[in-house]
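> Pasting a predicted model and its sequence here:
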Amino acid sequence: MGRMDPIVSPGVASGHVHAVQGGNAFALTMTDDQALGSTCTSSLVKNDKSNYWTPSLYFVDPKNGSIESVDMFYMNVYYFFEATTDKIEAFQPGHRMVVGNPELRTPPTTGGQSILDLSDGTPQPVQFTCPRTNTAQPLYPTNSDGLHGVGIQDPGNAGAGVGFPDQNCDGYASPLRADIHFPSCYNPAEGLDAYKTNMQFPTNGNCPPGWIHTPHLFYEVYWNTPVFADRWTPGQGTQPFVLSNGDPTGYSLHADFISGWDVATLQQIIDNCDAGDSGMDKCPGLIGGLNDPSTSCNIQSAIVEDISGVLEKLPGNNPIGQWGVSPAPAASAGSSAATISTSKTSVAPVHTPETSASSVVSTSSAAKVQTIAGGVAKGVSPSPTPVSTPIAATAEPQTYPTPTSAANKPNPVTMVTSYVTTTTDVYTTVTLPHPGPSASAAAAVASGWSYYGCYSDASGSNRALSGIEFVNLGKVDNTNCTEACNAAGFSMAGTEYGGQCFCGNSLNGSSKEDESTCNMPCEGDATQTCGGGWRLSVYSKSYAKRSMRHFHNHQVRGSRH
C-alpha cells in the first residue's frame, strides 16, 4: 500500500494511494524486465511476477468528517481467453496498461452497463458490484441521474452499476467489489510503454490487422465495507466512501498493470489450459509451479507517510471532490518533482505468513483462468526511509486508452529505483490454557488439539489470530483448519464466518464471547460450527507450552473467495 505508480508517475510520489499486488521488484521506476527480477510474488503462480494495482478506498464519517482507511478484503485477477479467430499471445515483459479515467466525476454517456467490445459502442470497462443479503430496495435509486450523490444502475444487472451505490454491500464473503476490465488488443507500433495509446478493446472479438491479441485481464477488488455498516444510513441517495484520489463518485475507478510474466509459462497456459471456473493452479503442465500459500511477499512503500487508520486528510493532500465536478488539473509529473535517490540493489523478500486461493466466480460461459495476487500490506510501519525527501505529489492525467499515433509515446524509462527491506524473527514462549474438550469437539480437530472457546475478532491489522490470515483450504472446517495451522507450526487455530481459517500463537486484543454467537455451520462440514460474524471458533494445542516462531510483518491478508 502506498503512493507509488511507476507507469503514470515514474520516479516521484503518485498523487494517491494504491494497493499493489505481485512481484517484490515493484519500485517507483521500473524498466521493462525489472519485474522479472522479483525474488517473490503474491501471485499464486510462481512465474507471474507482474504487478497489479488499483486506488485504495477510504470512509468519510458522516458525523465528524474524519477519514478512515478501508481494508482491501481480497483481490482476484482473471485471465480470459475468449472466442476469437486471432491467436492470443502472452504479454511481453514490461507491457504497461492503464484503464479507466482518474479525472472522471460524471457518469459515462453509455449509462450503467458494461461494454467491452467496440461493436457494442463506446467501451465502459469499470463497474461496482454489491452483493447484498437483502435486495428489497434497488441498489441505486431508480431516478438517479448519477450526478447527485449516487451512481446509476446497470439495466441488465440488478447487482451492479457505475459509481458508488447507496446500499450496504454485505453478501457472504463478498462486500463492495470493483470490477475492472482491460482491453486485449495491443498495437506493437506504439510500444510496450505507451500505456495511453497502445491498447484498445476488440471488435466482434477480434483485433485490427497487425495488432496482437493478448489475454483479457479482469480485476475483482473487494473492500471490507461491512465494518462501517453501523456508521451510515443506506438508501438515502448518498454514500460515505471515497477513492484515494478524492473521488466520492467512484466514476474515476481505474487500474494499472505491468507484465512480469515468464513468457513461455503464460503462453503454455494460453495454448493448453481451459480451467473453466477453477484457477491457474489447475492448469496441466504448469511451468514453474505454484507458490506456497503459507508464505507471503511484502515490501514497504518507498513513500513514507501515514496512509491507514483515522486521518485528517487523504494522503497526497487530495481534496474530496464533488459529484459532477471534475477536479482542477494538477501540475504534470516532473514539473516540480524532487529527484529521487536511486540505487541498483537487490530487493530482499519479506516473508510473512499469508495465503492465496484459486476459487473463481463463474461470470460467463467463456473459458477462463486466473492468477491471484493475494496479499496486501495494511499500514505496516515503514523501515528506514528508502528515498530522499521531499517528494512532490503528482496527479494522474486522463488515461482512458484510445489508439492514436506513435508520435505521442512517452520517453523510455531508464532509471531503476529499488531498495532493500528486511525482517526479523522473534521467538516467544506461549503457554495456553486448555478447557476440557468434549468428545465431539475433540473428534473434529487435529490430533493433540482441543476447543478453546468463542472469541471476538477485528478487521485490518487487529486480527485476533494474525500468524496466517485466510488460510487457503478451499471449503473450510475445523479439522482441516487445525491441521493446516499445526503443519505451519502454530499453536492456535480459528474458524470464522463459516468459511475462513486463521492461525496464530496468541489471541491479540480478543475477548471471550457467548457461545451462541459462534453459530455458522462450516462450509466443509455442516455438522461443525465455524465461528460467526466477527467471531472465531478457537482451537489450541492441548497443554501447549513450547517455543514458537513468530514473524513481525504479518499484517497481510490472504486471498480467498
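Cool, got the structure.

> C-alpha from now on. contacts and neighbour counts both.
Will do.

> so how many other residues sit close to the closest residue to Gly205 other than its chain neighbours?
Distances taken as Cα to Cα, 6 or more residues apart in numbering place Thr84 nearest to Gly205, at 5.2 Å, with adjacent residues excluded. Neighbour count of Thr84, defined by other Cα atoms under 10 Å: 14.

> What distance do you get for Thr84 to Met280?
21 Å (Cα to Cα, to the nearest Å).

> residue closest to the middle of the chain?
The centre of the chain sits closest to Met75, judged by Cα atoms, centre = their mean, with a distance of 3.6 Å.

> Wait, it touches Glu220, no?
Yes. With contact defined as Cα atoms under 8 Å, Met75 counts as touching Glu220 (5.6 Å).

> what about the residue nearest to the centre of the chain, helix or strand, and which?
Using DSSP states H and E, Met75 falls within strand 72-80.

> helices or strands up against that strand?
In terms of contacts (3 or more Cα pairs under 8 Å, 6 or more residues apart in numbering; DSSP states H and E), strand 72-80 is packed against strand 216-223, strand 368-371.

> So what angle separates the directions of the longest one and strand 72-80?
In this structure, strand 216-223 runs at an angle of 170 degrees to strand 72-80, with axes from the mean of the first three to the mean of the last three Cα atoms, to 10 degrees as the basis.

> Quickly run through the sheet partners of strand 216-223, with directions.
Partner strands for strand 216-223, per DSSP bridges, with pairing direction: strand 72-80 (antiparallel), strand 177-181 (antiparallel).

> ok, and the closest non-adjacent residue to the residue nearest to the centre of the chain?
Val221 (4.6 Å).

> The one you found: neighbouring residues, count only.
24.

> Write down the beta-bridge partners of it, one by one.
With DSSP bridges applied, Val221 shows beta-bridge pairing to Met75, Ala178.

> got the contact list for stretch 125-132?
For stretch 125-132, contacts defined as Cα atoms under 8 Å, 6 or more residues apart in numbering pick out 99-100, 112, 114-116, 139, 159-165, 168-172, 174-182, 253-254.

> 7 Å instead?
100, 114-116, 159-164, 169-171, 174-182, 253 (Cα atoms under 7 Å, 6 or more residues apart in numbering).

> May I see the PyMOL selection of the buried members of those?
Selection of buried members from the contacts of stretch 125-132 for PyMOL, criterion 16 or more other Cα atoms under 10 Å:
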select buried, resi 100+114+115+116+159+160+161+162+163+164+169+170+174+175+176+177+178+179+180+181+182+253
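
> what number of residues lie near the closest residue in space to Asn318 that isn't next to it in sequence?
Closest residue in space to Asn318, ignoring its immediate chain neighbours: Gly246 at 5.4 Å, by Cα to Cα, 6+ apart. Neighbour count for Gly246, taken as other Cα under 10 Å: 26.

> ok, Gly246 to Ala229 distance?
Applying Cα to Cα, the value for Gly246 to Ala229 is 21 Å.

> so which of the strands paired with strand 216-223 gets nearest Gln239?
When those are compared by Cα to Cα, strand 177-181 sits nearest Gln239, at 14.9 Å.

> From Asn76, how far out is Asn168?
As judged by Cα to Cα, Asn168 and Asn76 stand 21 Å apart.

> where do the helices sit along this structure?
263-272, 439-443, 478-487 (DSSP state H).

> In the stretch 401-550 of the chain, where is pLDDT below threshold?
The model of the stretch 401-550 of the chain has pLDDT under 70 over residues 401-443, 460-461, 542-550.

> which stretches of it form strands?
425-431, 449-456, 492-496, 500-504, 535-541, 545-551 (DSSP state E, counting those that start in this stretch).

> Remind me what the third one packs against, helices and strands.
Under the contact definition 3 or more Cα pairs under 7 Å, 6 or more residues apart in numbering; DSSP states H and E, strand 492-496 sits against helix 478-487, strand 500-504, strand 535-541.

> quick one on the thing from earlier: show me the contacts for the residue nearest to Asn318.
Residues near Gly246 by Cα under 7 Å, 6+ apart: Asn318, Pro319, Ile320, Gly321.

> Of these, keep whichever come out buried.
Of the contacts of Gly246, these count as buried by 16+ other Cα under 10 Å: Asn318, Ile320, Gly321.

> Might one say that the first one is in contact with Asn245?
What it means is Asn318. Yes. Using Cα atoms under 7 Å as the test, Asn318 is close enough to Asn245 to be in contact (6.0 Å).

> The nearest residue to Trp261 once chain neighbours are set aside - how many residues pack around it?
Leaving aside its sequence neighbours, Trp261 sits nearest to Asp48 (Cα to Cα, 6+ apart; 4.6 Å). Other residues within reach of Asp48 by the criterion other Cα under 10 Å amount to 28.

> now do the one 10 residues further on
The burial count assigned to Tyr58 is 28, neighbours taken as other Cα under 10 Å.

> Give me the distance between the nearest residue to Cys485 once chain neighbours are set aside and Glu496.
Counting by Cα to Cα, 6+ apart, Cys503 is the residue found nearest to Cys485 once chain neighbours are left out, at 5.4 Å. According to Cα to Cα, Cys503 stands 11 Å off from Glu496.
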